[in-house]
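**Q** Generate coordinates for the sequence data below:
(chains A and B)
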Amino acid sequence: MDATITNVESNEKIWGGGNEPMGASYGKLMMWFFIVSDALTFSGFLAAYGFSRFKFIETWPLPDEVFTHFPFMHGVAAPMYYVALMTFILIFSSVTMVLAVDAGHQMKQRKVAFYMLLTIIGGLIFVGSQAWEWKNFIKGEYGAIETKGGSILQFVDASGKRLKLSDFAVQLPEDREQLKRSNGVWFMDEATLPTYSVEEVVAGFKANPNVLVRIETIYKGDEANKADKTLHPTLNKPKHKEILTREASEKRLETAVMVVEGANLKRNEYGNRLFADFFFFITGFHGFHVFSGVIINIIIFLNILLGTYERRGSYEMVEKVGLYWHFVDLVWVFVFTFFYLV
Amino acid sequence: MAHGHAHESNAKRIWFVFGLLSLVTIVEVILGIIKPESLYMTNVLGMNLLNWIFIILTLVKAYYIVWAFMHIEHETASLRWSVVASVVFLVIYLLFILLVEADYVFGVFKYGVIKWNF
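**A** A predicted model of the protein is given here:
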């Protein structure tokens, strides 16, 4: 109701910009318009992720096996800790932002500037962390084999522990040079060659009788699983990827066509191809938002230092970029849940 | 700018919300790492209880970010619900359509004639 009420003194300039629908200024209302549409864009992405995940629900990669890195703790499996840290950094930069807005209401220029600076630093740390996360994701850790049908085979030892390709693959006296533009026809090149060839991985598998293949399907532990003779009788646990017996592993490896290390937009060693695509696309789009947020924050920060808003008599501009910044934080809360937790 | 709450500091409320958001995140991370068997293995409405808890906690966080940090609690009711209700309705609608459809496609892959995972 109060949206239609206008003050008596501003009645004369209703048609001159004096009217504020819903009690919000033009800029703030437009920011809300933008946020609603951007929220729907992100919802579309996350819903599409949910669509693909539900479509391949039995074979989707398990996130806590994928994101296990923490800085300076090489080789230690630390699922979630790093991304939880990133979440804290972003929430904290949201807090400093809202403190800047609060200081703006009280017209305290130095305080606003200080909190804006902290917000910018938090944003930069977050973008940097995301870059590091991408680096680990792209580089990969274990390596895998892709079969003719496009599914991913990973390797474990006799106790069910993941094996890297370098743990068992042999070095064969073969030489395969990467085709580049510089050593072929000018328009012909190919992607970087993996460290090992399929033959080397298969030879290593044959030489080590302890190595088993782990497939993408998630073990359910029901009757059908128990009756399945191709599954390893003791190593399989519910809600973990299925491990095959040695015989079934050998048979599955016959269809190997490619060694996959790390991730790109075409294939990844973690499992379903769409998983990496969505990871790059959604976290990338979010990271782009954080990056543009930092740029906008820097512009506002400079304006605060120059005293622009002091002269204008209102720090509403800080409030508007604040809305955007909190929105970025809000999106991350959902990305965090649907990529890392669920 | 006639702000009803101008000049008074919201610092106390801000730090309270920060504490709450941190606490919820910590609980989520702890649950995600230990994955309690009783929650993780119990299915309710097609999803395990742990995932339901994560989703509910996420909505709690989202509520506090939008209400306290984005100050939507101080906006007029018409603005508040124009923003929140439209997004919530469309997202629920979209999720309903896409997830039901995906579940159907999953069935086609699983019980259909074509074998795709080989």
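**Q** so who does B:Tyr104 touch?
**A** By Cβ atoms under 8 Å, 6 or more residues apart in numbering or on different chains, the contact list for B:Tyr104 is empty. From N, CA and C alone the C-beta is placed, and that goes for glycine too.
**Q** Share the number of residues neighbouring B:Ile92, please.
**A** 11 (other Cβ atoms under 10 Å in any protein chain shown).
**Q** which parts of stretch B:16-33 are buried?
**A** Using 16 or more other Cβ atoms under 10 Å in any protein chain shown as the test for burial, stretch B:16-33 gives B:Val17, B:Phe18, B:Leu21, B:Val24, B:Thr25, B:Glu28, B:Val29, B:Leu31, B:Gly32.
**Q** Tabulate these in a markdown table, adding columns for secondary structure and distance to chain A.
**A** Listed next are the buried residues of stretch B:16-33 as a markdown table, based on DSSP: H, G, I helix; E, B strand; the rest coil; distance: Cβ to the nearest Cβ, whole Å:
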| residue | secondary structure | distance to chain A |
| --- | --- | --- |
| B:Val17 | helix | 8 |
| B:Phe18 | helix | 5 |
| B:Leu21 | helix | 5 |
| B:Val24 | helix | 9 |
| B:Thr25 | helix | 5 |
| B:Glu28 | helix | 6 |
| B:Val29 | helix | 4 |
| B:Leu31 | helix | 8 |
| B:Gly32 | helix | 5 |
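**Q** Could I get those residues in CSV, plus columns for pLDDT?
**A** Converted to CSV, the buried residues of stretch B:16-33 look like this (pLDDT from 0 to 100):
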residue, pLDDT
B:Val17, 93
B:Phe18, 93
B:Leu21, 94
B:Val24, 94
B:Thr25, 92
B:Glu28, 91
B:Val29, 90
B:Leu31, 91
B:Gly32, 88
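**Q** Quickly list the domain ranges of the chain.
**A** No chain was given, so I picked chain A. Chain A breaks down by automatic domain parsing into domains covering A:28-140+A:275-341, A:144-261.
**Q** The chain in question should be chain B.
**A** B:1-74, B:76-118.
**Q** Nearest to A:Gly104 among those would be which one?
**A** domain B:1-74 (10.2 Å; Cβ to Cβ).
**Q** so which of the domains of chain A is the most packed in?
**A** domain A:28-140+A:275-341 (a mean of 19; mean count of other Cβ atoms under 10 Å in any protein chain shown).
**Q** Any regions of the stretch 51-200 of chain A where pLDDT drops low?
**A** For the stretch 51-200 of chain A, applying pLDDT under 70 flags the ranges A:75.
**Q** Get me the contact residues on it for chain B.
**A** Within the stretch 51-200 of chain A, the positions lying close to chain B (Cβ under 8 Å from any Cβ of the partner chain) are A:51-59, A:64, A:79-81, A:84, A:87-88, A:91-92, A:94-95, A:97-99, A:101-102, A:105-106, A:147-149, A:151.
**Q** Quick check: which of the domains of chain B is buried the most?
**A** The highest mean neighbour count among the domains of chain B, using mean count of other Cβ under 10 Å, belongs to domain B:1-74: a mean of 15.
**Q** Please compute how far that domain lies from its chain's middle.
**A** From the chain centre to the centre of domain B:1-74 is a distance of 8 Å (Cα atoms, centre = their mean, to the nearest Å).
**Q** Same question for stretch B:99-118.
**A** That offset, for stretch B:99-118, works out to 28 Å (Cα atoms, centre = their mean).
**Q** Over to stretch A:238-255?
**A** Using Cα atoms, centre = their mean, the mean C-alpha position of stretch A:238-255 is found 29 Å from that of the whole chain.
**Q** Quote the end-to-end distance of that stretch.
**A** 26 Å (Cα to Cα, to the nearest Å).
**Q** Give me the contacts around it.
**A** So stretch A:238-255 is contacted by A:62, A:65, A:145, A:147-149, A:153-154, A:156, A:160, A:202, A:205-206, A:209, A:211-221, A:225, A:229-233, A:235-236, B:40-41, B:118 (Cβ under 8 Å, 6+ apart).
**Q** do that again at 6 Å, thanks
**A** A:147-148, A:156, A:202, A:212-215, A:217, A:219, A:221, A:230-232, A:235-236 (Cβ atoms under 6 Å, 6 or more residues apart in numbering or on different chains).
**Q** Inside helices: which ones of those residues?
**A** Among the contacts of stretch A:238-255, the ones falling in helices (DSSP state H) are A:Val202.
**Q** Just give me the least confident of the contacts of stretch A:238-255.
**A** Among the contacts of stretch A:238-255, A:Gly221 carries the weakest pLDDT, at 84.
**Q** Skipping its backbone neighbours, what lies nearest it in space?
**A** A:Pro238 (4.0 Å; Cβ to Cβ, 6 or more residues apart in numbering or on different chains).
**Q** So the one you found, which state does it fall into?
**A** Three-state call for A:Pro238 (DSSP: H, G, I helix; E, B strand; the rest coil): coil.
**Q** quick one, phi psi at it?
**A** Main-chain torsions, A:Pro238, degrees, to the nearest 10: phi -60, psi 140.
**Q** Check the one 5 residues further on too.
**A** Backbone geometry at A:Ile243, expressed as degrees, to the nearest 10, gives phi -110, psi 130.
**Q** Out of the contacts of stretch A:238-255, name the ones that lie in strands.
**A** The strands, defined by DSSP state E, take in A:Thr147, A:Val156, A:Leu212, A:Val213, A:Arg214, A:Ile215, A:Thr217 from the contacts of stretch A:238-255.
**Q** What is the host helix or strand of A:Val328 packed up against?
**A** For A:Val328, the host element (DSSP states H and E) is helix A:316-335. Under the contact criterion of 3 or more Cβ pairs under 6 Å, 6 or more residues apart in numbering or on different chains; DSSP states H and E, helix A:316-335 touches helix A:26-55, helix A:81-105, helix A:284-306, helix B:49-64.
**Q** Mind doing that once more with 8 Å?
**A** Contacts defined by 3 or more Cβ pairs under 8 Å, 6 or more residues apart in numbering or on different chains; DSSP states H and E place helix A:316-335 against helix A:26-55, helix A:81-105, helix A:109-139, helix A:284-306, helix A:308-312, helix B:49-64.
**Q** Please compute how far it lies from its chain's middle.
**A** Relative to the chain's own centre, helix A:316-335 is displaced by 19 Å; criterion: Cα atoms, centre = their mean.
**Q** Next: stretch A:128-135.
**A** Using Cα atoms, centre = their mean, the distance from the centre of stretch A:128-135 to the centre of the chain it belongs to is 9 Å.
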